[in-house]
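**Student:** Here is the input, now give the coordinates:
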Amino acid sequence: MRFYHWEFLAVVLSLSYTFLIGTGWVFAFPFAIVASVIYVALCLQRKIYAESFLHVFYFFMGVYGWLTWQTNTANGFQSTLPTYVHLIAIPSLFILTYLSGRLLQTFTDAKAKYIDSFTTIFSIWATYLMVNVYLENWWYFIFINGVAVYLYAYRKMYLTSALMVVYVFLSIKGYWEWTTM
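**Tutor:** Here you go, the predicted model:
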């Protein structure tokens, strides 16, 4: 298959996962796991290495989420973190973004080093929040996906860029559904 066929498949699987997880269906995770494997190869090919690492992380989080998420959601989707956690996390994540960008700049031929690092570092945090059923994950993903629209368009992954636009809206929908369950 050609690059765009693989990208299309990864987009369809990713959309399926996001839509289904927003409705609270635990069997959404296999869609994410397969999409992650495909995206590792696609991102390596487009030289967005931090995103490749992110999809390796997504693979393992997909397995973890599939094994634990149903138990975590038994009490509903109302878990939130205290504000001070975000006040510590956000600056820390920006520092990690800068350090990751510097590493990519120094040791690789990566493209869009700092944006790639931003979407990766913040997505790791947001994914941790999601699999542990913290409502705020959706707020992070709204912003991350908005930035990722540019990253993927810049790397000529137009289907994935369009997916990120859809993800912004699905993240809003996921937040709303989690607050009304």
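
**Student:** what's the next secondary structure element after the helix or strand bottoming out on mean pLDDT in the chain?
**Tutor:** Ranked by mean pLDDT, DSSP states H and E, the weakest helix or strand in the chain is helix 49-72, scoring a mean of 86. Sequence order places helix 83-107 as the next helix or strand after helix 49-72, per DSSP states H and E.

**Student:** Check whether Val147 really touches Asp116, as I assumed.
**Tutor:** No: when contacts are counted by Cβ atoms under 8 Å, Val147 is not listed as touching Asp116 (10.1 Å). C-betas here are computed from N, CA, C, even on glycine.

**Student:** neighbouring contacts of the least confident helix or strand of the chain?
**Tutor:** Applying Cβ atoms under 8 Å, 6 or more residues apart in numbering, the contact partners of helix 49-72 are 26-27, 29-30, 32-33, 35-37, 39-40, 43-44, 100, 104, 108, 110, 113, 116-117, 119-121, 123-124, 127-128, 130-133, 151.

**Student:** Select only the buried ones of these in PyMOL?
**Tutor:** To isolate the buried ones among these in PyMOL, judged by 16 or more other Cβ atoms under 10 Å, type:
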select buried, resi 26+29+30+32+33+35+36+39+40+43+100+104+110+113+116+117+119+120+121+123+124+127+128+130+131+133+151
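
**Student:** Return the subset of the contacts of helix 49-72 lying in helices.
**Tutor:** 29-30, 32-33, 35-37, 39-40, 43-44, 100, 104, 113, 116-117, 119-121, 123-124, 127-128, 130-131, 151 (DSSP state H).

**Student:** Spatially central residue for the protein, please.
**Tutor:** Ser123 (4.7 Å; Cα atoms, centre = their mean).

**Student:** so what's it up against?
**Tutor:** Counting by Cβ under 8 Å, 6+ apart, Ser123 touches Leu54, Tyr140, Phe141, Ile144.

**Student:** wait, which of these is closest to His86?
**Tutor:** Tyr140 (9.1 Å; Cβ to Cβ).

**Student:** Can you give me the distance of the spatially closest residue to that closest one that is not a sequence neighbour to Arg2?
**Tutor:** Nearest non-adjacent residue to Tyr140, counting by Cβ to Cβ, 6 or more residues apart in numbering: Ala126, 3.7 Å away. Separation of Ala126 from Arg2 (Cβ to Cβ, to the nearest Å) stands at 31 Å.
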